[in-house]
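Undergrad: the following block contains a protein sequence and its predicted model.
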Amino acid sequence: MGLLTEGSPLSWGETKKYADHVRKHGIRQFINQYHKLKDRRNDQLMWGDEIEYILVHFDDDKKLAQLSLRAPDLLPRLQQKEKDAHESGDDHPALPSLWRPEYAAYMIEGTPGSPYGSSLGALNKVESNMRRRRAEAQRQLPDNETVLCFTAFPRLGCPNFTNPSAKPTPNDPNGVARSLFFPDEAIFSGHPRFKTLSRNIRSRRGKKVIINVPVFKDTKTPVGFVEDFEPLGDDGEIKAAAKPDHIIMDAMGFGMGCCCLQVTFQASNIDEGRFLYDQLTTLCPLLLSLSAAAPIYRGKLSDVDCRWDVISGSVDDRTDEEKGLTPRENARFIIPKSRYGSVDYYISPLGEGYNDIPLVHDEQLWREMVDAGIDSQLAKHVAHLFIRDPVSLFSEKINQDDEHETDHFENLQSTNWQTMRFKPPPPDSTIGWRVEFRPMEIQMTDFENSAFVVFIVLLTRVILSFQLNFLIPLSKVEENMKEAQKRDAARQGQFYFRKDILCEHKVSSCKSYQSCARPKKNEYVKMTVNEIFNGKEGEFPGLIPLIKDYLRNMDVDAETSCTLLTYLRFIRKKASGELMTTASWIRDFVKNHPDYQHDSVVSEKINYDLMKTCQAVAGGQLHDSNLLIKRIVPAGKDDEALSDEEAAAIHMTNGH
């Protein structure tokens, strides 16, 4: 969602004039906040998830599923209770859920009404809250529409993919996206941020964004697959940019119109936050691979399973000079990556020696922060974020009080979309230092999303309790990100991972880290997802066995124990390949549909049947054992066979 400042948005030409001003004052704001809050200690674990939903309209007579552009009307109704509470003076109302806009007019974002706490019992509330959120939104929709958790709508960008129907306007000089495929009406109109970002990113780079995704080559997919874009109004720009055997997309909506699952954790202090940021960075490719759910773009099966590089391309505002394609005359820097990408720099003392990727950063701003008492490593991280220009600015927010406001800092912080985000406390707030885990793709059911959320929450507890160290050279994490997006990577991929994960040093002891912060030879190897999650005999314990070891030492009631074991069992089977990823399940559905012609095309009828099936799976009317498991229930109730370890754990929590 990002920073939702209200006001009058500036064009790119106007914003560009204030770019240095925003950077200068953003750094001052960060310095001021850092010194106010660097010694803050003992914040309790609080955390929460964010789910992005799509709204789907069904025409059962025509067998048509479209994206419903209803969010601008739906969202105010969902937010009414929160608005009423604030107007009555209650800034912290006890609501089950909170709702926020997202990029597209067919998207909404839902979070718990308040953060979850540190007790293990809180993990037992996640799924029920997700179900309540979904039901709350569904009640506001007509009978022929539904709210779905689905990462990338299969026919996004195809003719007539929205309801009401809207047509792209590629040659409208006043258009926002000017896309051949994605109409401006599909961008959320209830807040100016989204259209401003779209227009200014396109204007800054001097041309449309371009995303080329390899098409899945089925038996009847044309060799040298290309498309004719002239009937759509192409002036030659898209034809020149399109690669053979690729699906081309040309608008921010193809990326930011995808849905994801995110989790934010409050750390006890800044040092713990930096430590968690680095440790979780190494896990991002693995969770991206395991949650893979986006194999179809613009109505065609692709040869990738994930959304990540699609979003990266959709917001890539770099000019040709910044990409190093033309001689640098006006560009401040040569920038290797889009502003949406994987983490570029470890920020904990333990991670410093593993930063083996050259970091482009603003030397002047780095020096200002170091001179102001911020350590070099954290200053470099922020100075790297600030190599970017602001791409959304509001006239009312140009001049700010740097002692008490942070909008200029957040302007650039919130438009660096990386796999992890390190988040300082807001001004004058009870909220502490936080890290946001951002790579996961959304799953169809509340059960699956809860399982992924609970898994990563438990893993943070294990990392801190056992003082684990997952660090590998950052270049290897980058390679893992590429591997994670390949077709069926969760089953077939090989990922670099650390062998010896025990760290002798405490998070609070930064100086003592230096002795174990230097990479050692043969410290990491390539492993499968199954080996990393479930263990490799005599070589690696496995993440799930480590979590179970942690839970054995905790006081857990029987009901919560059953819930956690069910989630871990699901993740275990997903990692072992016994269960399909959502991406593989979607591929399998399409390839086995009677209308599929083995030409990579996902027709309107296939799309309709897929969305209807997803609705049934999400609603519990359909159980597919290739995708889901049955629940573990307290001892004595019927269930599919449990492992000896799981059965023993349940009996132990029941006092047997």
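TA: Thanks, I have it.
Undergrad: quick check, Arg421 in a strand?
TA: Yes: per DSSP: H, G, I helix; E, B strand; the rest coil, Arg421 lies within a strand segment.
Undergrad: where does the residue nearest to it when sequence neighbours are not counted land in three-state SS?
TA: What sits nearest to Arg421 in space, not counting adjacent residues and going by CB to CB, 6 or more residues apart in numbering, is Glu436, at 4.1 Å. Quick note: C-beta positions are derived from backbone N, CA and C, even for glycine. Counting by three-state DSSP, the backbone at Glu436 sits in strand.
Undergrad: how about the closest residue to Met249 other than its chain neighbours, what does it touch?
TA: Nearest residue to Met249 in three dimensions, chain neighbours excluded: Ile211, at 4.3 Å (CB to CB, 6+ apart). By CB atoms under 8 Å, 6 or more residues apart in numbering, the residues touching Ile211 are Ile248, Met249, Asp250, Phe254, Gly255, Asp309, Val310, Gly313, Ser314.
Undergrad: again, only this time at 10 Å
TA: 241, 246-252, 254-255, 297-298, 309-314, 316 (CB atoms under 10 Å, 6 or more residues apart in numbering).
Undergrad: next, it: phi, psi?
TA: phi -130, psi 120 (degrees, to the nearest 10).
Undergrad: any idea how far His246 is from it?
TA: Separation of Ile211 from His246 (CB to CB, to the nearest Å) stands at 9 Å.
Undergrad: what of Asp84?
TA: 50 Å.
Undergrad: who has more neighbours, the two?
TA: His246 (20 against 11; other CB atoms under 10 Å).
Undergrad: quick check, that one in contact with Lys217.
TA: No: using CB atoms under 10 Å as the test, His246 is too far from Lys217 to be in contact (11.1 Å).
Undergrad: in helices, which of the contacts of Ile211 fall?
TA: Counting by DSSP state H, the contacts of Ile211 place Ala241, Phe254, Gly255, Asp309, Val310, Ile311, Ser312, Gly313, Ser314 in helices.
Undergrad: quick check, nearest of the residues you listed to Asn530?
TA: Minimum distance to Asn530 across the ones in helices among the contacts of Ile211 is 24.4 Å, recorded for Asp309 (CB to CB).
Undergrad: check that closest one and give its pLDDT.
TA: Here, the pLDDT recorded for Asp309 equals 98.
Undergrad: turn the ones in helices among the contacts of Ile211 into CSV, columns for neighbour count and distance to Asp320.
TA: As requested, the ones in helices among the contacts of Ile211 are arranged in CSV below (neighbours: other CB atoms under 10 Å; distance: CB to CB, whole Å):
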residue, neighbour count, distance to Asp320
Ala241, 18, 13
Phe254, 28, 21
Gly255, 25, 20
Asp309, 19, 19
Val310, 25, 21
Ile311, 24, 21
Ser312, 19, 17
Gly313, 20, 15
Ser314, 27, 18
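Undergrad: dump these to CSV, plus distance to Asn42.
TA: CSV is the format used below for those (distance: CB to CB, whole Å):
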residue, distance to Asn42
Ala241, 53
Phe254, 44
Gly255, 39
Asp309, 40
Val310, 41
Ile311, 37
Ser312, 38
Gly313, 43
Ser314, 41
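Undergrad: among these, which two are most distant?
TA: Farthest pair in the ones in helices among the contacts of Ile211, by CB to CB: Ala241 and Ile311, 17.8 Å.
Undergrad: okay, and the common contacts of Ile211 and His246?
TA: With CB under 10 Å, 6+ apart as the test, Ile211 and His246 both reach Tyr297.
Undergrad: show me where the stretch 351-500 of the chain dips below the pLDDT cut-off.
TA: Across the stretch 351-500 of the chain, nothing is flagged by pLDDT under 70.
Undergrad: how about the strands of it, start to end?
TA: 417-418, 420-423, 434-437, 495-498 (DSSP state E, counting those that start in this stretch).
Undergrad: tell me what the shortest one is packed against?
TA: Under the contact definition 3 or more CB pairs under 10 Å, 6 or more residues apart in numbering; DSSP states H and E, strand 417-418 sits against strand 340-341.
Undergrad: do the same with the third one
TA: Secondary-structure packing of strand 434-437 (3+ CB pairs under 10 Å, 6+ apart): strand 46-59, strand 261-266, helix 270-290, strand 420-423, helix 446-466.
Undergrad: hmm, try it at 8 Å
TA: Applying 3 or more CB pairs under 8 Å, 6 or more residues apart in numbering; DSSP states H and E, one finds that strand 434-437 makes contact with strand 261-266, helix 270-290, strand 420-423.
Undergrad: sheet-wise, list the partners of that strand with their directions.
TA: Sheet pairing here is set by DSSP bridges, and for strand 434-437 it gives strand 261-266 (antiparallel), strand 420-423 (antiparallel).
Undergrad: name the element the closest residue to Pro183 other than its chain neighbours belongs to?
TA: Leaving aside its sequence neighbours, Pro183 sits nearest to Ala166 (CB to CB, 6+ apart; 3.9 Å). In this structure, Ala166 sits in neither a helix nor a strand according to DSSP states H and E.
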